[in-house]
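**Q** let me see the structure of the following:
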Amino acid sequence: FGVNNLKDFSEFYIPRIRNELLAKGQKLSQSEEDTILTLYKTATGEGMERYGKKAQTAVDVYGFANRVAMLPLATVSSLTEVFLNISKVGVRKSIKGFNEALEISWKEAFSEMTKFSINMDQAMAQLGDRLAGAELVNETLQNASNKFFRVTMLDQWTKFVQTTSYASGKLLIKENIEALAANGSKPLNKRLETMAGELAELGIDYKQGVKWFKNGSKVTDKFYDSQVLGGAARYTNSVILQPTSMSGLKPLLHSNPKTAIAFQLLGYPVAFTNTVLKGAAKQLVKDPVRNTAKIATAATIMTGMARWTNYVRSDGRS
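**A** Numbers count the residues shown, from 1 in each chain. Purely as a prediction, here's the structure:
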């Protein structure tokens, strides 16, 4: 329908939903229609009401002051983030991904990640938004905030964790495909079903993956470019969360320009709960034998690291 703006969305997409529901004997209520429109506005930023210029500047000053006051050690707090890979791919592949991130040519990693806008998401986002939970509108304060998080090394650390996660994701994909290929035409056991499910969650058809593997696993093949690298991109975004309004990882109140200031510093914890913690729970339910050790190891390391970062932030009082 060529939905490019709020007007198109209202005039073409909403009626389509209404008609499809009517065909099923259901009705789209006015409150449901309003909710869909609100979701569209929140995700795109189009049509959202904001404060006036003076009031918005005051809100931005307050938000920036809180960032500088509360997040100088944000990088120390984020040290645990890289260990999320252990809960997803295990210790061995995480270490390999970490080593690859240390050794890999940044140009090579940048080239691959650019295809799926991973690095662009980070570059375009205001650096503090992942933790502060609200965007700054004032351009001067935006620049000051970005410089603050570069000085504290949060930007550099985030990019390193992205590279580590990207490498770990590719290792997971390749090893799962190799294991499934080794099974031949035999029925999949529970372990292999889990592996195929992991690939499916990353947007990869394991049967096509097996075919690609048997044909030599060429990096020049279309499958590698679209599905392997695309899957690694999805994996990376499940570790490096970007709780922007567009991502849909946090409640509408946290994304509304007029209410977001009341939920400062909650954007990332909420997104973490909605994705990482729920994802870990699903992993345990699907295949406890395969996933319990990985998740327990990651949780233990991350809890220990969090205790240490609390100690650092509180000057030894905690």
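**Q** hmm, Glu46 and Asn5 touching each other?
**A** Yes - using C-beta atoms under 8 Å as the test, Asn5 is close enough to Glu46 to be in contact (6.5 Å). Placement of C-beta: from N, CA and C, glycine included.
**Q** now do the closest residue to Ala299 other than its chain neighbours against Thr300, distance only.
**A** Excluding the flanking residues, the one nearest Ala299 by C-beta to C-beta, 6 or more residues apart in numbering is Ser87, at 7.3 Å. Applying C-beta to C-beta, to the nearest Å, the value for Ser87 to Thr300 is 11 Å.
**Q** who are the packing partners of the helix or strand where the residue nearest to Ala299 lies?
**A** Per DSSP states H and E: Ser87 is located in helix 84-89. Contacts defined by 3 or more C-beta pairs under 8 Å, 6 or more residues apart in numbering; DSSP states H and E place helix 84-89 against helix 91-103, helix 154-182, helix 229-239, helix 278-286, helix 288-313.
**Q** ok, which of the ones you listed comes nearest Asp60?
**A** helix 154-182 (19.3 Å; C-beta to C-beta).
**Q** that closest one: what's the following helix or strand?
**A** With DSSP H and E, the next secondary element past helix 154-182 is helix 190-201.
**Q** pLDDT on the helix or strand immediately after that following helix in the chain, on average?
**A** Toward the C-terminal end, the helix or strand that comes next after helix 190-201 (DSSP H and E) is helix 206-214. Here helix 206-214 scores 95 as its mean pLDDT.
**Q** quick one: helix 206-214 to helix 190-201, angle?
**A** Helix 206-214 and helix 190-201 are oriented at 100 degrees to each other (axes from the mean of the first three to the mean of the last three C-alpha atoms, to 10 degrees).
**Q** contacting residues around helix 206-214?
**A** By C-beta atoms under 8 Å, 6 or more residues apart in numbering, the surrounding residues in contact with helix 206-214 are 173, 176-178, 180-181, 195-196, 199-200, 218, 221, 223-224, 227-228.
**Q** and which of the residues you listed is nearest to Thr292?
**A** Met195 (16.2 Å).
**Q** count the residues that sit near that closest one.
**A** By other C-beta atoms under 10 Å, 24 other residues sit near Met195.
**Q** what pLDDT does it get?
**A** Listed pLDDT for Met195 reads 92.
**Q** that one reaches Ala179, doesn't it?
**A** Yes - Met195 lies in contact with Ala179 (C-beta under 8 Å); the separation is 5.8 Å.
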